[in-house]
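Peer 1: Model the following, please.
(2 chains)
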There are 2 protein chains.
Amino acid sequence: MGKYGDILIAHREREARKFLDKIENQKPVFVCTIGNTETAKIPEISAAGKFPEITDYTPAADVELLFYGECRCIDGVPVTPDGIPTPALITRSALILADIPFFAVSGGLRVKPYAPFIDLEGEPGEDIRTGKAVKNVEGVIRRAEVVGRTFSKIADYLVVGESIPGGTTTALGVLLAMGVDAKLKVSSSMPVNPHNLKISVAEEGLKAAGVRLGDLRNEPINAVASVGDPMIAAFSGLVIGAASEIPVLMAGGTQMTAILSVVKALKTEVLENVAIGTTRWIVEDKSSDIKGIVSQISDVPILAANLNFSNSKIEGLKAYERGVVKEGVGAGGISIASFLKTRGKITSEKFLKEIEENYKKLME
Amino acid sequence: MGKYGDILIAHREREARKFLDKIENQKPVFVCTIGNTETAKIPEISAAGKFPEITDYTPAADVELLFYGECRCIDGVPVTPDGIPTPALITRSALILADIPFFAVSGGLRVKPYAPFIDLEGEPGEDIRTGKAVKNVEGVIRRAEVVGRTFSKIADYLVVGESIPGGTTTALGVLLAMGVDAKLKVSSSMPVNPHNLKISVAEEGLKAAGVRLGDLRNEPINAVASVGDPMIAAFSGLVIGAASEIPVLMAGGTQMTAILSVVKALKTEVLENVAIGTTRWIVEDKSSDIKGIVSQISDVPILAANLNFSNSKIEGLKAYERGVVKEGVGAGGISIASFLKTRGKITSEKFLKEIEENYKKLME
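Peer 2: Residues are numbered from 1 along each chain as shown, chains lettered A, B, ... in the order given. This is a model prediction of the structure:
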């Protein structure tokens, strides 16, 4: 694994360095795409909320946390069932330290944030076991493309993150529908990855949609509509619209591979301008395999923020080192952008201090 | 009246030149704030739609026209009862010629555009004769401030326009409530300005709200809530959030004075960074008096795009010279920004040609 300051190069060293050269000293804009899927409410599938029902609030609460430093649609902050705080805390710390402007974009929400967001007229997603997961995928993608093009005029490069509980399961669904062997390879926000549950949910969705593995290789819109989620639609459109003009850092874990697959099928050429930016916890995770999935689709580089919370005095942060949460709300990618924008002034260490302070403020 | 290339200086010459010096050679972002008010459906009050009922669609259709060069929620384009096309045509031409990025922001809509927009969680406005015109004004202003601050990080300066049929009547309501003598001074999209109707509607609203002229001088939120519209809330918040950091060109006619009044009451100091940008048709209009209103509030400079359609071969455009439409969708302000951004390469003449071409494309 190569290094570039506090950034790890996890895949495609040469291409990664080229991408980093393009975005170094440039001004990014961060976009957080959010959405809901009923899939998140399947027991044991997501840790992004204390109870399955409350995962509806997590994306809205994450966006509020980014904007205001506190959540408004819920008391406190989104936490895992074990009480580990949302990665939005990392994202907010990076945005503040590097003074990076950001926007929220909704693919389809059940709970809307008490904060401004760009509406793409999408609807919240259904449980993928219905085989009819997302309505009007094409409309959302088209509108997101327009937004992506607009962002390409105001930013040197774009960092796009996501918040959607249940998102790795819907990603698995899309990957399988499009013929990518992602079984046992998608990551989880839980320390023990419930692979078998995810696979059975995704397969039930495919069956309900009358789709066999790989049937929708060239039908990305159909794949998302059948077994995907609204965030994937919004995120894919943003990448297509922006990456034809400026570099785009796709900020997330294995969910990014489903988007990669959709973007590749809709507009392959923009992938020249794309990299995945994630956390060390994802690229070192033994229960998932982001490289193994990416290599099957398009060999874009993978970068990882070398975050390390093992010396934190705060238990909720230390827990990240045990494989809880790992990634989300663009935490890894925006950390990379903040390291680059501040030209090394923000190191992993300083960054941890800022995160700890924001954590304390939040918990007061 | 001073001049600065194709820009007329209609008020406060010295301050206007200072403002122009600040924004020349700078990169603007355009924001179109939209909203609906039931006030627009009072017969004879607005020309922003062929029939009163259809004015609900005008803001959404304007935004679609800006994004796509065609409307999607209606067939054709928004026109006056006489068939004169929306000023969004001017705005789109300027945005294209000068490659200016833009966003739509909703204060509260009855009809949403089939295009991306930033949602501030506002609701469409009621008829101001109820005296309870807008819900949750404070929330919309606060969220708009956040958006304005974000824009201040990605733009050198902001041009903010509006589309809300019935908007001069609601502006009159807010001005009267706040003690500004605006009777017989607000402009109209019609060649004969229905002043008496507007005054009686505004006064009926004030009466229903139990408010006498000037009672709400120091209660801008209450004034908008009683007799204003959702666009005023969104626009005011944007100005407050952005103008503390970057120059803001308020793009519109006499409606801008209601916003000026609200912003002054909420955060006077930002007005240092504000100018009004409109069209020649507004500053030369004999049936209204923008300078007479502005001078009562805060002496910000007034700039006007020296647009002249008298030599156009297209009747619908020529009609602008007879005092129809005059302004809207930020047409005047964004024309000024496009003249400045292209350093005089776009003259009024070239600009008319582009507008005529876009007109023809639209009408095909």
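
Peer 1: where do the strands sit along chain A?
Peer 2: In chain A, the strands defined using DSSP state E lie at A:2-4, A:7-11, A:28-35, A:102-108, A:117-119, A:157-163, A:248-251, A:274-279, A:302-305.

Peer 1: so which of those strands comes closest to chain B?
Peer 2: Set against chain B and scored by CB to the nearest CB, the strands of chain A come closest in strand A:117-119, at 4.5 Å. Every residue, glycine included, has its C-beta placed from N, CA and C.

Peer 1: partners of the closest one in the sheet?
Peer 2: Note on strand A:117-119: by DSSP bridges, its sheet partners are strand A:102-108 (parallel), strand B:117-119 (antiparallel).

Peer 1: where along chain A do the helices fall?
Peer 2: A:13-23, A:58-68, A:88-97, A:137-154, A:167-177, A:195-209, A:220-227, A:230-243, A:255-267, A:280-283, A:290-297, A:315-318, A:331-341, A:348-363 (DSSP state H).

Peer 1: before we move on, back to that, okay, the strands of chain A, which one's buried deepest?
Peer 2: strand A:248-251 (a mean of 32; mean count of other CB atoms under 10 Å in any protein chain shown).

Peer 1: Compare the helices of chain A and give me the one nearest B:Ile90.
Peer 2: With respect to B:Ile90, and counting by CB to CB, the nearest of those is helix A:137-154 at 19.8 Å.

Peer 1: picking that back up, mean pLDDT and distance to A:Val263 for the strands of chain A - can I get that in a markdown table?
Peer 2: Output for these, formatted as a markdown table (pLDDT from 0 to 100; distance: least, CB to CB, whole Å):
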| stretch | mean pLDDT | distance to A:Val263 |
| --- | --- | --- |
| strand A:2-4 | 83 | 25 |
| strand A:7-11 | 96 | 17 |
| strand A:28-35 | 98 | 13 |
| strand A:102-108 | 97 | 15 |
| strand A:117-119 | 95 | 19 |
| strand A:157-163 | 98 | 11 |
| strand A:248-251 | 98 | 9 |
| strand A:274-279 | 98 | 7 |
| strand A:302-305 | 98 | 15 |
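
Peer 1: Now render the ones you listed as TSV, adding distance to B:Met250.
Peer 2: What follows is these, written out as TSV (distance: least, CB to CB, whole Å):
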stretch	distance to B:Met250
strand A:2-4	45
strand A:7-11	43
strand A:28-35	24
strand A:102-108	23
strand A:117-119	23
strand A:157-163	29
strand A:248-251	33
strand A:274-279	39
strand A:302-305	41
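
Peer 1: give me every residue that touches whatever residue of the stretch 151-300 of chain A ends up closest to chain B.
Peer 2: Using CB to the nearest CB, the single residue of the stretch 151-300 of chain A nearest to chain B is A:Lys153, 3.7 Å away. Applying CB atoms under 8 Å, 6 or more residues apart in numbering or on different chains to A:Lys153 gives the contacts A:245, B:99, B:101.

Peer 1: can we see that at 10 Å?
Peer 2: When contacts are counted by CB atoms under 10 Å, 6 or more residues apart in numbering or on different chains, A:Lys153 touches A:242, A:245-246, B:27, B:29, B:99-102, B:154.

Peer 1: top of these by neighbour count?
Peer 2: The most neighbours of any of the contacts of A:Lys153, using other CB atoms under 10 Å in any protein chain shown, belong to A:Ala242, which has 29 neighbours.

Peer 1: That one: what's its closest spatial neighbour, skipping adjacent residues?
Peer 2: Using CB to CB, 6 or more residues apart in numbering or on different chains and skipping residues adjacent in sequence, the residue nearest A:Ala242 is A:Gly148, 3.8 Å away.

Peer 1: Report the separation between that neighbour and B:Val300.
Peer 2: Distance, A:Gly148 to B:Val300, using CB to CB, to the nearest Å: 35 Å.

Peer 1: gap between the two ends of stretch A:74-81?
Peer 2: Start-to-end span of stretch A:74-81 (CA to CA, to the nearest Å) is 15 Å.

Peer 1: and what of stretch A:84-100?
Peer 2: End to end - CA to CA - stretch A:84-100 spans 25 Å.

Peer 1: quick one: is it near chain B?
Peer 2: Yes - judged by CB under 10 Å from any CB of the partner chain, stretch A:84-100 and chain B are in contact via A:99-100.

Peer 1: Just the buried positions in that stretch, please.
Peer 2: Buried residues in stretch A:84-100, counted by 16 or more other CB atoms under 10 Å in any protein chain shown: A:84-95, A:97-98, A:100.

Peer 1: What count of nearby residues applies to the closest residue to chain B within the stretch 251-364 of chain A?
Peer 2: Residue of the stretch 251-364 of chain A nearest chain B, by CB to the nearest CB: A:Lys341 (12.2 Å). Residues contacting A:Lys341 under the criterion other CB under 10 Å number 22.

Peer 1: Give the full set of residues in contact with it.
Peer 2: Applying CB under 10 Å, 6+ apart, the residues near A:Lys341 are A:23-28, A:94, A:97-100, A:156, A:334.

Peer 1: do A:Val329 as well
Peer 2: A:30, A:32, A:34, A:48, A:58-59, A:62-63, A:65-66, A:78, A:86-92, A:161-163, A:251-252.

Peer 1: Could you rerun that using 8 Å?
Peer 2: Going by CB under 8 Å, 6+ apart, the list of residues near A:Val329 reads A:32, A:62, A:66, A:86-88, A:90-91, A:161-163.

Peer 1: Kindly reformat those as a markdown table and extend each row with distance to B:Ser288.
Peer 2: A markdown table is the format used below for those (distance: CB to CB, whole Å):
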| residue | distance to B:Ser288 |
| --- | --- |
| A:Cys32 | 44 |
| A:Asp62 | 47 |
| A:Leu66 | 43 |
| A:Thr86 | 52 |
| A:Pro87 | 54 |
| A:Ala88 | 49 |
| A:Ile90 | 53 |
| A:Thr91 | 48 |
| A:Gly161 | 48 |
| A:Glu162 | 49 |
| A:Ser163 | 48 |
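
Peer 1: Contact residues of chain A facing chain B?
Peer 2: Residues of chain A lying near chain B by CB under 8 Å from any CB of the partner chain: A:29, A:67, A:99, A:101-103, A:105, A:112, A:114-121, A:139, A:143-144, A:146-147, A:150, A:153-155.

Peer 1: And the pLDDT for the residue of the stretch 251-364 of chain A closest to chain B?
Peer 2: Reported pLDDT at A:Lys341 in the predicted model: 93.

Peer 1: Tell me the predicted confidence for the residue nearest to A:Lys198 when sequence neighbours are not counted.
Peer 2: Take A:Lys198 and drop its neighbours on the chain: the residue closest to it by CB to CB, 6+ apart is A:Thr169, 4.7 Å away. Looking at A:Thr169, its pLDDT stands at 97.

Peer 1: Tell me the spacing between the residue in the stretch 1-150 of chain A positioned nearest to chain B and A:Cys71.
Peer 2: Closest residue of the stretch 1-150 of chain A to chain B, CB to the nearest CB: A:Pro101 (3.7 Å). Look at A:Pro101 and A:Cys71: by CB to CB, they are 21 Å apart.

Peer 1: What of A:Ile34?
Peer 2: When A:Ile34 is compared with A:Cys71 (using CB to CB), they lie 13 Å apart.

Peer 1: and what of A:Asp229?
Peer 2: 22 Å.

Peer 1: Neighbour count for the two, which is higher?
Peer 2: Shown here are A:Asp229 and A:Cys71; by other CB under 10 Å, A:Asp229 has more neighbours (35 against 25).

Peer 1: got a list of what the more buried one touches?
Peer 2: A:35, A:37, A:39, A:107, A:125, A:128, A:133-134, A:164, A:166-167, A:170.
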